[in-house]
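Novice: Kindly generate the corresponding structure for this input.
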Amino acid sequence: MTLAVFELRRMARNPLIWAAVVVAVAVEGLRASSWWPDLTFVTLRAVTASTLVAGAVLVAANLAAGRDRRGGLPESLGALPARAAARTRAVLLAAPVAGALAAASVIAPLVGYALLRGPAAGTFDGWEALNGLALTALAATLGAALARWTPWPFTPLLVIFGFAFLIFANPRGEYGGWALPWVATHDATLGPRPSAAHLSYLVALAVAAGAVAVLRHGPRPIPAVLAAVSLAVAVPVAARADYLPKPAPAGCQDRDGLTFCPRPGYQPWVARWAAALRPITSVVPPGALARVPELRQDLHGSLPLVWRTGVSETSLAGVEAHGAAGLEPGPVCGQARTVVALWLTGRVAGLAESAPRTWGPPPETIRPGDGWHVYPLAETGSSAIVPGRLNGAVYGDADLVNARVLLRDPAAAGRVRAHWAVLTDPATTTVRAAPLLGIKAVTDSRACGEPA
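Specialist: Here you go, the predicted structure:
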């Protein structure tokens, strides 16, 4: 036990581990600042950030367990009363504890930051947070096992690179499923993750790796039984975890003339969604708002699963303005209702872009000002690329110019409200509506939607 305390103190002072803690908290905290706090995704991202600590712990445990194999040390340590097996057990006791504490130092501040920023939506899953601690403990025992069974000092780096590849190239776990140590991405519409089952899977693997490390010093019944039992538990647990329960249905509520249907746990965001859209709902007649379809928070719904400030408003405002103005998908160039819809969208998210050069497939690279928009679907980076802002309505640069002129007029809201029925009539052109809008209409000689 004295040797385990000695190793624990060394691990607790290891600069590599604490440097990883600082970098993980700083990088993830900065990235999360642009997203509304969603405890479901915050926990996943916090655990993903803590994998940086797991990598540092793997290296530290590997160096500690392999210390007595380095040049000159076997002879020096041979005179000590504690033999190699005891030193391995000491590392196996100390490294998981130190690693779990370091992982908690990453996960707890990031989750706390989300709660302080509020109002936080989603659901905090304590089992998911414990997965981060168990993953680091697994890295510690695996590092010790690698030190005892492999003679190459670069083996831990190969494991780290392999795990990083799985995180970035296979984030949803399409290949390997819940048999992977960590699945970094989750679709909230699939229902809850099997976090408790996966925690038991990681703990079983950590015990198995520790037992394998001890078995390097000779066959012993207790480590052999532990390894066999742990693997016997881990395999069926991983297989069972792939069967996710169905998600709970979304519940709807009315606010400011709109119907919001958030997923369970996202009700705290309804007020913020309504506030973000108030520049539109404050000027649109109630009858026109009734034309807007239910705003549902689904994978392909109007409400995004997560919200990134400055980006997600564009998507949601375009959906509401499109419905309120009575637009249909297809060409709507030169119509007064198109200018009104763009003006409504601009009241929420601005109108800095031009119309897309083509309404066909998106270009390979989306650049600011080319009219295409990238809408985030998840905090992990998944996104949808959509042309323009009006939910399939094709407009031109002239419509944008007229809408921008209208945005600069502080009296525009009163005129739009007073002449709403005429302005949203499909037969009313922008030229005819110009006196009602108080603008000098700009027209475009090109065919609607024709590339510039």
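
Novice: And Arg67, how far from Ala206?
Specialist: 21 Å (CB to CB, to the nearest Å). C-beta coordinates here come from the backbone N, C-alpha and C atoms, glycine included.

Novice: Sorry, wrong one. I was asking about Ala441.
Specialist: In terms of CB to CB, Ala441 sits 70 Å off from Ala206.

Novice: Could you check how far Gly396 is from Val339?
Specialist: Taking CB to CB, one finds Gly396 at 11 Å from Val339.

Novice: host element of Val237?
Specialist: helix 221-240 (DSSP states H and E).

Novice: Just give me how far that helix sits from the chain centre.
Specialist: Here helix 221-240 is found 32 Å from its chain centre; the criterion is CA atoms, centre = their mean, to the nearest Å.

Novice: Could I get the full set of strands for the stretch 301-450 of the chain?
Specialist: 330-331, 372-376, 383-387, 393-394 (DSSP state E, counting those that start in this stretch).

Novice: Ranking those by mean neighbour count, which comes first?
Specialist: strand 393-394 (a mean of 24; mean count of other CB atoms under 10 Å).

Novice: Tell me the helices and strands packed up against the helix holding Val237.
Specialist: helix 195-215 (3 or more CB pairs under 8 Å, 6 or more residues apart in numbering; DSSP states H and E).

Novice: Just the CA trace of the helix it packs on, in CSV.
Specialist: Listed next in CSV are the C-alpha coordinates belonging to helix 195-215 (Å, rounded to 0.1, in the frame of the first residue of the first chain):
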residue,chain,number,x,y,z
SER,A,195,-24.7,5.2,-20.7
ALA,A,196,-25.1,2.9,-17.6
ALA,A,197,-24.5,-0.2,-19.7
HIS,A,198,-21.5,1.4,-21.4
LEU,A,199,-20.1,2.4,-18.0
SER,A,200,-20.1,-1.2,-16.8
TYR,A,201,-18.5,-2.2,-20.1
LEU,A,202,-15.6,0.2,-19.6
VAL,A,203,-15.1,-0.8,-16.0
ALA,A,204,-15.0,-4.5,-17.0
LEU,A,205,-12.4,-3.7,-19.7
ALA,A,206,-10.3,-1.7,-17.2
VAL,A,207,-10.3,-4.6,-14.8
ALA,A,208,-9.5,-7.1,-17.6
ALA,A,209,-6.5,-4.9,-18.7
GLY,A,210,-5.2,-4.7,-15.2
ALA,A,211,-5.5,-8.4,-14.7
VAL,A,212,-3.6,-9.0,-18.0
ALA,A,213,-0.8,-6.6,-16.8
VAL,A,214,-0.4,-8.7,-13.6
LEU,A,215,-0.4,-12.0,-15.5
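
Novice: coming back round to it: so which bits of the following helix or strand past the helix holding Val237 are buried?
Specialist: Beyond helix 221-240 on the C-terminal side, the first helix or strand identified by DSSP H and E is strand 253-255. Of the residues in strand 253-255, Arg255 count as buried by neighbour count, 16 or more other CB atoms under 10 Å.

Novice: can you check stretch 34-51 too?
Specialist: Buried-residue list, stretch 34-51, by 16+ other CB under 10 Å: 35-51.

Novice: Ile280 reaches Gly323, doesn't it?
Specialist: No. Judged on CB atoms under 8 Å, Ile280 makes no contact with Gly323 at a distance of 10.2 Å.
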